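> Below is the structure, and that's it, no one-letter string:
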């Protein structure tokens, strides 16, 4: 294994993956073995991603017109290039309908995280966002790396600490200390953070975990290479990796006509809040369609072997 700069080598081992105390998709708890690997100490940043684009000329999915031809009943075949941007509401809303705070913004992409009038010049040390799965894979291949499996990510996130709710312990804010970039206040309308600090923050702004990894909780969700599925408590012989047919099982059952597979996201983001999404925990997971980048979604890479 060739560990690149700003990577941390994670030893091989076994751990209890998942949780049965929070969201149903995290269960069951199962024992998983992981081979040694190295993982990025930080999120891939805007500066990192810019070097990749300058070297390759790569154009992200959010910078291309959105193809809707695979969605039955779509009113048009395509829409202008853009991405999903978080927009706080003016007051309390139904937390079961995320359309209240997400907007498709034409011209939003990794270069313009909040829309065409925004830029990354002042936030080059923040996580790159608005990256779809194929964008993250393209960067990883260019860097000589890979995206982590869900098991690798969770094992690394725990930092050698097992049985605690958060990567730092069981208290959400030990001794009143905020341990990660998460939502402070009432989501999605009341942020108690200073103006301008209510989105991503520079990588490494909060304490590292036991392995010296930063932002394994909060800041930006992270892609993993696993297809999303609900685990079967009676068939978990290979809990870290979905079988080849799992791409079919990753489709959203609530929208059976939309045949876009989903990957597993880990880590939570700056939008996670106890009153809505207590997912800035190592066992937490969320499905994400592979063709969709968002203003709170990034990644980091691994090297194996």
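Great, that's in hand. Note that this is a predicted model, so its numbers are computed, not measured.
> Would you map the strands across the stretch 101-250 of the chain?
Taking DSSP state E, counting those that start in this stretch, the strands of the stretch 101-250 of the chain run over residues 102-106, 185-186, 190-191, 221-227.
> looking at the ones you listed, which is buried most?
Mean neighbours per residue, mean count of other C-beta atoms under 10 Å, is largest over those for strand 221-227, with a mean of 24. For the C-beta atoms, the positions are set from N, CA and C on the backbone; glycine is no exception.
> Contacts for that strand, please.
The contact list for strand 221-227, computed with C-beta atoms under 8 Å, 6 or more residues apart in numbering, reads 43, 131, 133, 136, 146-153, 240-242, 246-247, 249-250, 261-269, 286, 288, 294, 296-300.
> Run through the protein and note the low-pLDDT ranges.
Residues of the chain meeting the criterion pLDDT under 70: 1-3, 70-77, 232-245.
> mind listing the helices for it?
Remark: helices assigned in the chain by DSSP state H are 46-56, 133-142, 150-158, 246-249.
> Which of those helices has the highest mean neighbour count?
It is helix 150-158: most buried of the helices of the chain by mean count of other C-beta under 10 Å, with a mean of 25.
> returning to what we had before: of all the strands of the stretch 101-250 of the chain, which one comes closest to residue 255?
Closest to residue 255 of the strands of the stretch 101-250 of the chain is strand 102-106 (C-beta to C-beta; 15.5 Å).
> Quick check: neighbours of that closest one in the sheet, parallel or antiparallel?
Note on strand 102-106: by DSSP bridges, its sheet partners are strand 82-86 (antiparallel).
> so which of the strands of the stretch 101-250 of the chain gets nearest residue 33?
Closest to residue 33 of the strands of the stretch 101-250 of the chain is strand 221-227 (C-beta to C-beta; 15.6 Å).
> orientation of that closest one relative to helix 150-158 in degrees?
Inter-element angle recorded for strand 221-227 and helix 150-158: 150 degrees (by axes from the mean of the first three to the mean of the last three C-alpha atoms, to 10 degrees).
> before we move on, back to that, now the strands of the stretch 101-250 of the chain as a markdown table including distance to residue 21?
Compiled in a markdown table, the strands of the stretch 101-250 of the chain are given as follows (distance: least, C-beta to C-beta, whole Å):
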| stretch | distance to residue 21 |
| --- | --- |
| strand 102-106 | 28 |
| strand 185-186 | 23 |
| strand 190-191 | 27 |
| strand 221-227 | 21 |
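> Quick one, which of those strands gets closest to residue 7.
When the strands of the stretch 101-250 of the chain are compared by C-beta to C-beta, strand 221-227 sits nearest residue 7, at 14.9 Å.
> these two touch, right, residue 139 and residue 44?
Yes. Taking C-beta atoms under 8 Å as the definition, residue 139 is a contact partner of residue 44 at 6.5 Å.
> between those two, what contacts are shared?
Taking C-beta under 8 Å, 6+ apart as the criterion, residue 139 and residue 44 both touch 299, 301.
> and the closest residue to residue 187 other than its chain neighbours, how far is that from residue 185?
Sequence neighbours aside, residue 273 is the residue nearest to residue 187 in space, at 3.8 Å (criterion: C-beta to C-beta, 6 or more residues apart in numbering). Taking C-beta to C-beta, to the nearest Å as the measure, residue 273 falls 7 Å from residue 185.
> quick one on the thing from earlier: tally of neighbours for the residue nearest to residue 187?
Using other C-beta atoms under 10 Å, residue 273 is surrounded by 21 other residues.
> and it, backbone torsions?
When read as degrees, to the nearest 10, the backbone of residue 273 gives phi -140, psi 150.
> if we can go back for a sec, please, a ChimeraX command that selects the buried ones among the contacts of strand 221-227?
Filtering the contacts of strand 221-227 down to the buried ones (16 or more other C-beta atoms under 10 Å) takes a single ChimeraX command:
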select :43,131,133,136,146,147,148,149,150,151,152,153,240,242,247,250,261,262,263,264,265,266,267,268,269,286,288,294,296,297,298,299,300
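> Count the residues that sit near the nearest residue to residue 303 once chain neighbours are set aside.
Spatial nearest neighbour of residue 303, chain neighbours left out: residue 38 (4.6 Å); criterion: C-beta to C-beta, 6+ apart. Residue 38 has 20 neighbours, counted by other C-beta under 10 Å.
> ok, back up a step: roughly how far does the residue nearest to residue 187 sit from residue 101?
Distance of residue 273 to residue 101, given as C-beta to C-beta: 12 Å.
> same deal with residue 206?
Distance, residue 206 to residue 101, by C-beta to C-beta: 24 Å.
> how about the residue nearest to residue 187, what does it touch?
Neighbour list for residue 273: 182, 183, 184, 185, 186, 187 [criterion: C-beta under 8 Å, 6+ apart].
> I'd like those residues as TSV, with distance to residue 201 appended.
Below are those laid out as TSV (distance: C-beta to C-beta, whole Å):
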residue	distance to residue 201
182	10
183	12
184	12
185	16
186	20
187	17
